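J.: Sequence isn't available, so here's the structure alone:
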């Protein structure tokens, strides 16, 4: 991955690398954390588009090499640990649910996957939720009629 892939910080003009790139949630513009934190503390808006911004809007971008395999652990309500390997960061949640169905026999429409207190929704990718290699997902069975 090229170090210039994310461009330059609009505040300090230094290169944004995957280890140090942060974005404003509302507009998506990217900066170094220290640069945008200082900027917003003084102006309360994005330097590029002038949209309003608060310190809580600054989020680290989690950037992974999409070609590398990840391993995830799925923890069931009974305490059983199911290891899933060969996961890609751009795999959709439906892929994870299909893998669980193959291993555990639970149909995807009966699965609820939880990570960091959030239910993982179909249509989104692993990277969308900030799930990293060696993370644990919690599997809860969906109740009929809910």
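T.: Received, thanks. The structure presented is a predicted model; accordingly, all values stated were derived computationally and were not measured.
J.: Now residue 136: closest residue in space that isn't a chain neighbour?
T.: Of all residues beyond its chain neighbours, the one nearest residue 136 is residue 73 (4.6 Å), with distances taken as C-beta to C-beta, 6 or more residues apart in numbering. Just so you know, the C-beta spots here come from the backbone N, C-alpha and C atoms, and that holds for glycine as well.
J.: Repeat that for residue 22.
T.: Distance criterion C-beta to C-beta, 6+ apart; nearest residue to residue 22, sequence neighbours excluded, is residue 33 at 4.6 Å.
J.: Same check on residue 71?
T.: Ranked by C-beta to C-beta, 6+ apart and with sequence neighbours excluded, the top spatial neighbour of residue 71 is residue 85, at 4.7 Å.
J.: Check residue 120 too.
T.: Residue nearest to residue 120 in three dimensions, not counting chain neighbours: residue 113, with 4.3 Å by C-beta to C-beta, 6+ apart.
J.: Ok, residue 72 next?
T.: If the residues on either side of it in the chain are set aside, residue 72 comes closest to residue 84, at 4.8 Å by C-beta to C-beta, 6+ apart.
J.: Return the distance of the residue nearest to residue 71 relative to residue 111.
T.: Applying C-beta to C-beta, to the nearest Å, one obtains 19 Å for the distance of residue 85 from residue 111.
J.: Which parts of the protein are strands?
T.: Residue ranges of the strands in the chain, as given by DSSP state E, are 22-24, 30-31, 58-60, 70-75, 81-87, 111-115, 118-119, 136-141.
J.: Compare those and say which comes out lowest on pLDDT.
T.: Ranked by mean pLDDT, the strands of the chain bottom out at strand 58-60, which scores a mean of 84.
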